[in-house]
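got a sequence here, can you build the structure:
(chains A and B)
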There are 2 protein chains.
Amino acid sequence: MTLFMLISCTNAQEIKPIKLNAPDLNRGEKVMKALANRKSTREFSEKMLSQQDLSDLLWAANGINRPKEGKRTAPSSRNKQDIKVYVCMAEGSYLYNALTSTLDPVSNGDVRPVKAPVCLILVSDTDQIWGALDAGIVSQNISLFCSGVGLATVVRATMNKEELKKALKLTGTQTLLLNHPVGYFK
Amino acid sequence: MTLFMLISCTNAQEIKPIKLNAPDLNRGEKVMKALANRKSTREFSEKMLSQQDLSDLLWAANGINRPKEGKRTAPSSRNKQDIKVYVCMAEGSYLYNALTSTLDPVSNGDVRPVKAPVCLILVSDTDQIWGALDAGIVSQNISLFCSGVGLATVVRATMNKEELKKALKLTGTQTLLLNHPVGYFK
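The predicted structure is shown next:
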């Protein structure tokens, strides 16, 4: 292998930031219909989410819905905005940055807990009970967004925590709480 | 006071079961708009919720959305359906019975943590972390229902737990996790 080939290979694997679209606030079923359609789905199409679906999914999960105040779609204990949403896809893992509406690269490689095109990982960095309450709130934003726009998801606690801790470069105080595979229905 | 008067007074205070309406699945903003409008409100009109608003609020919180399977608007850890929703109003406290769509009387008297016409109290009876995750999920059903239909609410953890434990007749293993005052905007 030449040096050129080596550089090419390395570059090919490097994931880049993903700029997300502005949320489309005029989409989805009515909120009562979204609640009626809420269910757990455990099989997913392999088709990647569209750019708008990916963007709206993350905004719904824990995006900024009142830009002047920096406040979120999900309330949080003592407004600590403690929950971080990581995004695992086939090519690598990203951290959702609600301020810049980007997915910031964290690491290359496939560590998805489930073979859905996108797996959201909810991580807290606070007291366990508060963190769990806050993660449940973000989780239901994801579930109701999905049921409201016709995407499949399920909330899960099972995951390879050791592998994910390394891949997501978590500190010792951060806790992996929930994961949400998301995709189109099969 | 005669015996007759005494009996009358006692009867006047006795709260009765409240039969709830079927959920109106065609109401509310689109799910993305409900997420956009989600915010915490801490002041409430004194006006009592309409029968339909009260009914839809409880169904949204943790009602049965798939009657054949008995499954809920809120997923729960290992499908234990662990979260109980108590309803405190000026005249007394009730337990939401999703199977019969009723509010079953628990005790007379006003133990609302906040002076909103309705305060929902989320109680778990399982391991603390699982219970908190599940309570967060039910909480966000309440928040998004409210933002979707134009009701005011806030999720709170502060409450007089000793008083509520007695009034709601909780067992030693049940934990008071969250409360949601709900009302019309002032």
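
elements contacting the longest helix anywhere in chain A?
Counting residues, the longest helix in chain A under DSSP state H turns out to be helix A:128-149. Helix A:128-149 makes packing contacts with helix A:31-37, helix A:51-62, strand A:118-124, strand A:152-153, strand A:175-183, helix B:31-37, helix B:128-149 when contacts are defined by 3 or more C-beta pairs under 8 Å, 6 or more residues apart in numbering or on different chains; DSSP states H and E. Placement of C-beta: from N, CA and C, glycine included.

for that helix, which positions count as buried?
A:129-149 (16 or more other C-beta atoms under 10 Å in any protein chain shown).

check contacts around A:Thr153.
A:40-41, A:142-143, A:146, A:180-183 (C-beta atoms under 8 Å, 6 or more residues apart in numbering or on different chains).

sorry, back to before: closest to B:Ala74 out of the helices and strands packed on helix A:128-149?
helix B:128-149 (4.7 Å; C-beta to C-beta).

now do the closest one and strand B:118-124, the angle between them.
150 degrees (axes from the mean of the first three to the mean of the last three C-alpha atoms, to 10 degrees).

any idea of the mean pLDDT in helix B:128-149?
Regarding helix B:128-149, the rounded mean pLDDT is 97.

kindly report the same for stretch A:169-182.
Mean predicted lDDT for stretch A:169-182 stands at 97.

do that stretch and chain B come into contact?
Yes: counting by C-beta under 8 Å from any C-beta of the partner chain, chain B is contacted by stretch A:169-182 at A:177-178.

next, the buried residues of that stretch.
A:170, A:174-182.

repeat that for stretch A:69-80.
Neighbour-count burial for stretch A:69-80 [16+ other C-beta under 10 Å]: A:71-77.

kindly report the same for stretch A:26-43.
A:27-39, A:41.

show the end-to-end separation of it, please.
Taking C-alpha to C-alpha, to the nearest Å, the first and last residues of stretch A:26-43 lie 28 Å apart.

before we move on, the earlier item: which among the contacts of A:Thr153 gets closest to chain B?
A:Ser40 (5.7 Å; C-beta to the nearest C-beta).

any idea whether that closest one is helix, strand or coil?
coil (DSSP: H, G, I helix; E, B strand; the rest coil).

ignoring the adjacent residues along the chain, who's closest to the spatially most central residue of chain A?
Nearest to the mean C-alpha position of chain A, by C-alpha atoms, centre = their mean, lies A:Leu120 at 3.0 Å. Excluding its sequence neighbours, the residue lying closest to A:Leu120 (C-beta to C-beta, 6 or more residues apart in numbering or on different chains) is A:His180, at 4.4 Å.

who's in contact with the closest residue to chain B within chain A?
Minimum separation of chain A from chain B (C-beta to the nearest C-beta) falls at A:Gly136, amounting to 2.1 Å. Contact analysis of A:Gly136 by C-beta under 8 Å, 6+ apart lists A:178, B:132-140.

TSV for the residues you listed, including distance to A:Lys84?
Output for the contacts of A:Gly136, formatted as TSV (distance: C-beta to C-beta, whole Å):
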residue	distance to A:Lys84
A:Leu178	12
B:Ala132	18
B:Leu133	16
B:Asp134	21
B:Ala135	21
B:Gly136	15
B:Ile137	18
B:Val138	23
B:Ser139	19
B:Gln140	17
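
could the buried residues of stretch A:69-80 go into a markdown table alongside secondary structure?
Formatted as a markdown table, the buried residues of stretch A:69-80 follow (three-state DSSP):
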| residue | secondary structure |
| --- | --- |
| A:Lys71 | strand |
| A:Arg72 | strand |
| A:Thr73 | coil |
| A:Ala74 | coil |
| A:Pro75 | coil |
| A:Ser76 | coil |
| A:Ser77 | helix |
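
for B:Ser50, state which of these is nearest.
Using C-beta to C-beta, these come closest to B:Ser50 at A:Pro75, 25.1 Å.

what about chain A, any weak spots by pLDDT?
Applying pLDDT under 70 to chain A flags residues A:1-13.

residues in contact with the residue nearest to A:Leu144 when sequence neighbours are not counted?
If the residues on either side of it in the chain are set aside, A:Leu144 comes closest to A:Ala34, at 4.9 Å by C-beta to C-beta, 6+ apart. Contacts for A:Ala34 were tallied using C-beta under 8 Å, 6+ apart; they are A:28, A:144-145, A:147-148, B:31.

let's go with 10 Å and repeat that
A:28, A:143-149, B:25, B:28, B:30-32, B:34, B:60, B:73, B:141, B:144-145, B:148 (C-beta atoms under 10 Å, 6 or more residues apart in numbering or on different chains).
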